[in-house]
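S.K.: need a structure here:
(one chain, ligands or ions: 1)
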Amino acid sequence: MANTHTNPLREGMRRRQAPDPCLLVIFGVGDLTQRKLLPALYRLAVENELNPNFSVIAIGRRPWSDLEFREFAKQSVQTSKESGEFVEGVWSGFEQGLHFVGGAFDEDAMYENLKGRLQTISSERGTAGNVMYYLATPPSSFEVISSQLGKFDLHKETEESWKRLVVEKPFGVNLETARELNHHMHEVWSEHQIYRIDHYLGKETVQNLLAIRFGNVIFEPLWNRQYVDHIQITAAEDLGMEGRGAYYEEASITRDMLQNHLMQLFTIVAMEAPSSFEANAIRDEKVKVLRATKPIPKERVPEVTVRGQYGPGTLHGEHVAGFREEKGVAPESVTPTYVAVKLEVDNWRWQGVPFFLRTAKRMPKKVTEIAVVFKTPPAHIFPGTPENNVLSFNIQPDEGMKLRFSSKTPGQDNRLRDVEMDFHYDSFGKLTGTAYGRLLLDAMLGDATLFPREDEVDLAWQLVTGILEAFGEPAPEFPNYDAGTWGPEAGDKLIGEGRRWRRL
Ligand code: BG6
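M.R.: Next comes the predicted model:
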């Protein structure tokens, strides 16, 4: 008889329903709104994923009318690669829902004005009182916006309508400030209203990792200390500062990428199977991984981490400046732009299996990969040195996965050679949607599965705080890698004897 049992994971991953009508209030019309949010929203409109009454109010200091904001939004959508094809018909419908409120984020008058416009637009456009606030501002404005919304009762939910707050990273600058921010927000908002966004979780291939692991039977039996030698997670970028030097001086690679994006990838690879695809079931398992991860106090940092900063070099055949020459960066800056870390998870599944994470700016190319490197066979009966089998997940670009294993070469010799089985995401046709679009839609649907919970953020900060403290002193000898290379030599030593970073 056919098996009619439904797989809770598959059920959960299926798009459930159309989102409620809602008003999205975006604080800040800077880089993020321009390059990511507006294109992602427009693309959702093209894909017919938005509620027809969906509307936006953007807030910024500029003295714009709704029409001027619509013009800005149109340019953002037309110039961004993330928007996909520009369809005039879709745009003209979409732009009708775009509005602008000018003012400063701490100014009472601005919130009075916002309150009035929320009421008018909500009744004109039928958004039913549902409001999602998006903090696309520098983190220094998070607290004031959150408390001002509270002061004007703009956070209050009713039986019929919801209010949600989406907070961009970085969520705090260290453990202490992240806790303060959580505490501060909870004075106004309940945890169920807060959506901390990490756009890596919106990437199709990151979600596919969960599907591959828990929607199949063949991988999980091997996914443990008996078969896995180690795991590598690489997020390499060829970009430099792109005008964000001043922000980066504060953030460094540790806050910009390690504490959030890489930690998220790490927990998804290492977690146990959740009992369902429900938000808390998944988040509970991710939290357990972070709790089981060996702490990295300041004293252990030199043993388990490597930091680096790029100097001038050659990238894609052109000379590029070093970090210290970038705009907004101090000439003697000691801010790391490369970090590699060895993590160990103290549980039955992973005891003795190191996880190596590395991320950097100005590497030879943009590539994000997770590689599960298996042990070599216990007995060597073929000539040559046996290679490790590797199952690798290409998060971006060229989304897909590969299995590398040994095969006999044709002929009399019993020689082995590495071969690969390749799966490309293209085989589904073109990838649709954007990471931001997926997450915005989830937040509109009230699905917090792909948003890190308070305890996850706290535990991730606990792990990186010792690293941040130790990286301050003694002053490192920077720069220690050339732009356009794979980072400092010490990074190769970290991964240890007999192992090497994947050549990507
Ligand atoms: C952002 C960082 O969160 O992620 C950037 O602030 C980084 O510095 C970016 O370039 C990388 O994201 P993606 O999606 O391009 O890999």
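S.K.: can you pull out the helices in the stretch 351-500 of the chain?
M.R.: Ranges of helices within the stretch 351-500 of the chain are 435-445, 454-471, 489-494, based on DSSP state H, counting those that start in this stretch.
S.K.: show me the residues around the closest residue to the ligand within the stretch 201-350 of the chain that make contact.
M.R.: Per CB to the nearest ligand atom, Asp256 is where the stretch 201-350 of the chain lies closest to the ligand, at 4.8 Å. Heads up, the C-betas are built off the backbone N, CA and C, glycines and all. Residues near Asp256 by CB atoms under 8 Å, 6 or more residues apart in numbering: Pro170, Tyr248.
S.K.: out of everything not next to it in sequence, what's closest to Gln34?
M.R.: Using CB to CB, 6 or more residues apart in numbering and skipping the chain neighbours, the partner closest in space to Gln34 is Ser76 (4.5 Å).
S.K.: And for that neighbour, the neighbour number?
M.R.: Ser76 has 20 neighbours, counted by other CB atoms under 10 Å.
S.K.: So it versus the ligand, what's the distance?
M.R.: Note on Ser76: its distance to the ligand, by CB to the nearest ligand atom, to the nearest Å, is 17 Å.
S.K.: so that residue makes contact with Leu38?
M.R.: Yes - assessed by CB atoms under 8 Å, Ser76 is found in contact with Leu38 at 4.5 Å.
S.K.: Tell me which residue is most central in this protein.
M.R.: Nearest to the mean C-alpha position of the chain, counting by CA atoms, centre = their mean, stands Tyr200 at 2.4 Å.
S.K.: Flag every residue of the stretch 101-250 of the chain that's near the ligand.
M.R.: His199, Glu237, Leu239 (CB under 6 Å from any ligand atom).
S.K.: Is it possible to mark the buried ones in these?
M.R.: The neighbour count (16 or more other CB atoms under 10 Å) marks His199, Glu237 as buried among those.
S.K.: Tell me which residues of stretch 187-204 come out buried.
M.R.: Using 16+ other CB under 10 Å as the test for burial, stretch 187-204 gives 188-189, 193-204.
S.K.: ok, back up a step: which one of the helices of the stretch 351-500 of the chain lies nearest to the ligand?
M.R.: helix 435-445 (6.4 Å).
S.K.: buried stuff in that closest one?
M.R.: Buried, per 16+ other CB under 10 Å, within helix 435-445: Ala435, Tyr436, Gly437, Arg438, Leu439, Leu440, Leu441, Asp442, Ala443, Met444.
S.K.: likewise stretch 95-113?
M.R.: So, applying 16+ other CB under 10 Å, buried residues of stretch 95-113: Glu95, Gly97, Leu98, His99, Phe100, Val101, Gly102, Gly103, Phe105, Met110, Tyr111.
S.K.: My guess is Gly446 contacts Trp162. True?
M.R.: Yes - counting by CB under 8 Å, Gly446 does reach Trp162; the two are 6.9 Å apart.
S.K.: What are the buried residues along stretch 496-504?
M.R.: So for stretch 496-504, counting by 16+ other CB under 10 Å, buried means Trp501, Leu504.
S.K.: Tabulate the CA atom coordinates of it in CSV.
M.R.: Provided in CSV are the C-alpha atoms of stretch 496-504 (Å, rounded to 0.1, in the frame of the first residue of the first chain):
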residue,chain,number,x,y,z
GLY,A,496,45.8,21.6,10.9
GLU,A,497,48.1,18.8,9.7
GLY,A,498,46.7,16.7,6.9
ARG,A,499,43.8,19.0,6.2
ARG,A,500,43.5,22.0,3.9
TRP,A,501,41.0,24.6,3.1
ARG,A,502,39.0,23.8,0.0
ARG,A,503,40.2,25.4,-3.2
LEU,A,504,37.2,27.2,-4.3
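S.K.: how about that stretch against the ligand, any contact?
M.R.: No - contact of stretch 496-504 with the ligand (CB under 6 Å from any ligand atom) is absent, the minimum separation being 14.0 Å.
S.K.: just how off-centre is that stretch within its chain?
M.R.: When distances are taken as CA atoms, centre = their mean, to the nearest Å, stretch 496-504 is centred 25 Å away from the chain's centroid.
S.K.: again with stretch 396-412
M.R.: Distance of stretch 396-412 from its chain centroid, counting by CA atoms, centre = their mean, is 28 Å.
S.K.: Could you list the buried residues of it?
M.R.: Gln396, Glu399, Gly400, Met401, Lys402, Leu403, Arg404, Ser406.
S.K.: For Ser252, which residues are in contact?
M.R.: By CB under 8 Å, 6+ apart, the contact set of Ser252 is Thr335, Pro336, Thr337, Leu468, Phe471.
S.K.: next structured bit after the helix or strand harbouring it?
M.R.: Take DSSP states H and E as the rule and Ser252 turns out to sit in helix 245-253. As assigned by DSSP H and E, the chain's next helix or strand after helix 245-253 is helix 263-270.
S.K.: Start and end of stretch 304-319, how far apart?
M.R.: Stretch 304-319 stretches 32 Å from its first residue to its last (CA to CA, to the nearest Å).
S.K.: Over that stretch, what's the mean pLDDT, rounded is fine.
M.R.: Mean per-residue pLDDT for stretch 304-319: 97.
S.K.: related to what we said a few turns ago, would you mind saying which of the helices of the stretch 351-500 of the chain lies nearest His319?
M.R.: Each of the helices of the stretch 351-500 of the chain has some distance to His319 by CB to CB; the shortest is helix 489-494, at 22.3 Å.
S.K.: How far off centre is the closest one?
M.R.: 26 Å.
S.K.: And for stretch 316-334?
M.R.: With CA atoms, centre = their mean, you get 25 Å for stretch 316-334.
S.K.: got the buried residues for it?
M.R.: For stretch 316-334, burial by neighbour count (16+ other CB under 10 Å) applies to Val320, Ala321, Gly322, Phe323, Arg324, Glu326, Val329, Ser333, Val334.
S.K.: need those in JSON lines with secondary structure and distance to Arg213, can you?
M.R.: Converted to JSON lines, the buried residues of stretch 316-334 look like this (DSSP: H, G, I helix; E, B strand; the rest coil; distance: CB to CB, whole Å):
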{"residue": "Val320", "secondary structure": "strand", "distance to Arg213": "38"}
{"residue": "Ala321", "secondary structure": "coil", "distance to Arg213": "41"}
{"residue": "Gly322", "secondary structure": "coil", "distance to Arg213": "40"}
{"residue": "Phe323", "secondary structure": "helix", "distance to Arg213": "37"}
{"residue": "Arg324", "secondary structure": "helix", "distance to Arg213": "42"}
{"residue": "Glu326", "secondary structure": "coil", "distance to Arg213": "39"}
{"residue": "Val329", "secondary structure": "coil", "distance to Arg213": "40"}
{"residue": "Ser333", "secondary structure": "coil", "distance to Arg213": "40"}
{"residue": "Val334", "secondary structure": "coil", "distance to Arg213": "39"}
